[in-house]
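# Fold the stuff below for me.
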Amino acid sequence: MTVDPYEARVARLEQQVAELADELLALMAKASGATVSGRNADALCVWVEMPPDVAREHLERLQDWMSRVLVHHPRVVSVLHPCWYRHPAAVQMLLDVRRSWEYAYRHNPESPHLSIAWWQQDLPNLEHALARELNHCTGVRHDPDRIPVPLVDKTEVHRHLSQGPPHPHP
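I've put the predicted structure just below:
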């Protein structure tokens with residue numbers, strides 16, 4: 001069986017075009033990820049560990065996203081208080097849900113299951129979590145009561161772990 005040299009060349013060109021298209025999409029996704037202080041702004045971020053200048057940039061990007069995207073979800077917006085930015089847990093929730101939205105809609109548009117998960121899971125969870133978090137706000141006090149984390153004695157932990165794997169209780 002003889003392969004037409006033109007068909008072989010067309011097949012190679014089609015493969016090259018497909019590879020270039022994939023490369024272009026990857027570059028576009030990377031370019032669309034703005035930076036915050038020289039880092040990818042969509043990277044995982046921890047609000048309570050950010051220096052003030054980085055926090056300010058993240059808060060500006062978050063407010064921009066809220067005014068473009070979250071504004072169309074009134075059930076979520078209705079639970080926000082004007083002082084939401086003073087509640088570290090609320091800010092972290094919003095940052096995480098914005099990052100999830102970016103991932104679903106900007107970086108993986110060919111994966112509709114991610115956007116469906118955002119609508120059906122992330123958005124309702126955000127609404128409920130924000131309502132719980134901001135419900136205690138009095139307008140004077142913005143942080144929840146600090147409850148000390150129960151710390152354990154390292155010697156006791158070591159003794160417990162050296163006994164082997166935990167056994168299920170009857």
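# ok, and what's touching stretch 128-144?
76, 79-81, 83-84, 86-90, 93-94 (Cβ atoms under 8 Å, 6 or more residues apart in numbering). Heads up, the C-betas are built off the backbone N, CA and C, glycines and all.
# Go again with 7 Å.
V76, V79, L80, H81, C83, W84, R86, H87, P88, A89, A90, M93 (Cβ atoms under 7 Å, 6 or more residues apart in numbering).
# From those, list the buried ones, please.
Among those, the ones that count as buried by 16 or more other Cβ atoms under 10 Å are V76, V79, L80, H81, W84, H87, A89, A90, M93.
# Quick check on P150: phi, psi?
Main-chain torsions, P150, degrees, to the nearest 10: phi -70, psi 110.
# Tell me how many other residues surround it.
Neighbour count of P150, defined by other Cβ atoms under 10 Å: 5.
# Just the pLDDT at it, thanks.
We have a pLDDT of 78 for P150.
# Also A8?
Value for A8, per-residue pLDDT: 77.
# give me the low-pLDDT residue ranges for this protein?
Counting by pLDDT under 70, the chain contains low-confidence ranges at 1-3, 17-44, 140-147, 165-170.
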